[in-house]
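Peer 1: sequence and predicted structure below; questions after.
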Amino acid sequence: MESLKINKINKTVGGTIQITGSKSESNRLLVLQQFYPNLKIENVSNSDDSKLMQKALASSLNEINIGHAGTAMRFLTSYFSVKENSVIVLTGSHRMKNRPIKILVDALRDLGSEIEYLEKEGYPPLKITGKKLDKDFVEIEGNVSSQYISSLLLIAPTLYNGLRLKFKGEVTSVPYIKMTLTLLAELGVELSWDDDSILIQPKPIINNKTVVVESDWSSASYYYSLVSLSPNSEVKLSSYKQNSLQGDSVLAKIYENLGVETTFGVNSITLKNTGNLNPSKLMNLNLIGAPDIAQTVVVTCFGLGIECYLTGLHTLKIKETDRLVALKNEIEKLGGVVLITNETLNLKSTTKINENISIATYDDHRMAMAFAPLAIKVSIYIEEPNVVSKSYPDFWEDFEQITS
Ligand SMILES: O=C(O)C1=C[C@@H](OP(=O)(O)O)[C@@H](O)[C@H](O)C1
Ligand SMILES: C=C(OP(=O)(O)O)C(=O)O
């Protein structure tokens, strides 16, 4: 097993980092570019997930393996369903074969798609026979993953009559649905969202358009954590904007309470440790709209010795790993106390952090990146450090640059 030792950081953290485009925005735009070839995309994410998406879209093979990339799996299921005259087997990593997809497949079948399960009912791999879909209304459950909804929305303007999508029950990770809708609207697609229904009008062609992808806010979260834990630190990140499509930009607000001030410049943000922290304060947050920053926030609070109570975490169980269990296991190795349910996490406040602990990463990029900032407090080992490439291949070089 490969493992990376990060020695306790003695320097004040500081520097400037350029992070590539959001993987969520990139993977949406890459699908849309297939429908609208006159769409140009700049600052595309260099993540494995976006490279896998590009490779899949360019592939002439009849079996495509998208590894651990959830958005690629979900978005391509709809994409290949409407790609006429194609028969594709869409598969992924062992974990992907255990991430549910039934809700999306049922919705696509209701619209007329031909999709078969090749192994376990409700899970990848899928055999998808592309065809023209002529229905224009579908109902879908919204509480398991917003990616199923985004996936349908991405093909919606290519359907002859567009699509009316009605939600059953509560909808999770809503900012990601808004991101999809905003990108469609930027391309000129007419749409509306009223209560439990989204209506997308057909749009067979668009005018020439260039979209510059904003850099990835989920990747920025690890610098928020570092700055919060490192007194007097200051880090500049580009290219970011105040009016973001990414729900994880809520970081700026959340970390105000964790001693980090965010200043928006031209295309950049500067994070500064203010030292304004009330260590007795309980961080009580609902992260239903920003599930990917849960690990970062928990580890920051642990490093600061602050109790936190996070809710809205039910989707964490079906991500790259069961992130609730993974967080509990690893924080408890470091000497913390974590109570979890299927949708909440309560970290108790502790003062001591065990040194030289080896953090398991469970094939989850965010486990590796979320625990790295604890090196401000203690020397730590990160197992399988290369997992970071799923979303942020340059993470370790960038981390090294500002911490040494
Ligand atoms: O649509 C997207 O780009 C994403 C939606 C979220 O998933 P869920 O909707 O499954 O929570 C998020 O966790 C994932 O990293 C990216
Ligand atoms: C959950 C994530 O990705 P996905 O669901 O696209 O695999 C993530 O990047 O944290």
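Peer 2: Done, it's in. Computed from a predicted structure; not experimentally measured. Ligands and ions are numbered 1, 2, ... in the order given.
Peer 1: now the helices for the stretch 51-200 of the chain?
Peer 2: Taking DSSP state H, counting those that start in this stretch to define them, one finds helices in the stretch 51-200 of the chain at 70-81, 102-110, 146-155, 174-186.
Peer 1: residue numbers of this protein in contact with ligand 2?
Peer 2: 68-71, 292, 319-320, 366, 391 (C-beta under 6 Å from any ligand atom). For glycine as for every other residue, the C-beta is placed from the backbone atoms N, C-alpha and C.
Peer 1: name the residue of the stretch 251-400 of the chain with the shortest distance to ligand 1.
Peer 2: Taking C-beta to the nearest ligand atom as the measure, the stretch 251-400 of the chain has Thr315 as its residue closest to ligand 1, at 3.9 Å.
Peer 1: now for the residues of the chain next to ligand 2, which sits with the most neighbours around it?
Peer 2: Neighbour counts for those (other C-beta atoms under 10 Å) peak at Arg366, which has 31 neighbours.
Peer 1: where does that one land on pLDDT?
Peer 2: Arg366 carries a pLDDT value of 98.
Peer 1: could you find the closest non-adjacent residue to Gln295?
Peer 2: Once flanking residues are discounted, Gln295 sits nearest to Ala370: 3.8 Å by C-beta to C-beta, 6 or more residues apart in numbering.
Peer 1: tally of neighbours for that neighbour?
Peer 2: So Ala370, with other C-beta under 10 Å, has 28 neighbours.
Peer 1: about what we covered before: among the residues of the chain next to ligand 2, which are within reach of ligand 1?
Peer 2: 71, 292.
Peer 1: return the member of the residues of the chain next to ligand 2 nearest to Lys203.
Peer 2: Taking C-beta to C-beta as the measure, Lys203 lies nearest Thr71 of the residues of the chain next to ligand 2, at 21.5 Å.
Peer 1: what strand or helix carries the residue nearest to Gly259 when sequence neighbours are not counted?
Peer 2: Nearest residue to Gly259, sequence neighbours excluded (C-beta to C-beta, 6+ apart): Leu277, at 4.0 Å. Assessed by DSSP states H and E, Leu277 sits outside every helix and strand.
Peer 1: ok, Leu277 - contacts?
Peer 2: Listed by C-beta atoms under 8 Å, 6 or more residues apart in numbering, the contact partners of Leu277 are 228, 257-259, 304, 306.
Peer 1: quick check, Ser389 in a strand?
Peer 2: No. Ser389 is assigned helix when assessed by DSSP: H, G, I helix; E, B strand; the rest coil, not a strand.
Peer 1: surely it and Asp363 touch.
Peer 2: No. With contact defined as C-beta atoms under 8 Å, Ser389 does not reach Asp363; the gap is 11.6 Å.
Peer 1: returning to what we had before: JSON lines please, covering the helices of the stretch 51-200 of the chain and showing mean pLDDT.
Peer 2: Shown next, in JSON lines, are the helices of the stretch 51-200 of the chain (pLDDT from 0 to 100):
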{"stretch": "helix 70-81", "mean pLDDT": "98"}
{"stretch": "helix 102-110", "mean pLDDT": "98"}
{"stretch": "helix 146-155", "mean pLDDT": "98"}
{"stretch": "helix 174-186", "mean pLDDT": "98"}
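Peer 1: tell me which of the ones you listed lies nearest to Ser358.
Peer 2: Taking those one by one with C-beta to C-beta, helix 70-81 is closest: 26.8 Å.
Peer 1: mind listing the strands for the stretch 251-400 of the chain?
Peer 2: For the stretch 251-400 of the chain, applying DSSP state E, counting those that start in this stretch gives strands covering 260-264, 268-273, 283-286, 308-311, 338-340, 345-347, 357-359, 380-383.
Peer 1: the stretch 1-150 of the chain now?
Peer 2: 3-6, 14-18, 39-42, 63-65, 87-91, 114-117, 126-129, 137-141.
Peer 1: the most centrally placed residue in the chain: what's it in contact with?
Peer 2: A centroid search over the chain (C-alpha atoms, centre = their mean) returns Asp292, at 5.3 Å, as the residue closest to the centre. Neighbour list for Asp292: 218, 221, 248, 366 [criterion: C-beta under 8 Å, 6+ apart].
Peer 1: against Glu400, how distant is the residue nearest to Gln295?
Peer 2: 17 Å (C-beta to C-beta, to the nearest Å).
Peer 1: and Tyr36, by the same measure?
Peer 2: 40 Å.
Peer 1: settle it for me: which of those two has more neighbours?
Peer 2: Counted by other C-beta under 10 Å, Tyr36 and Glu400 do not tie: Tyr36 has more neighbours, with 20 against 10.
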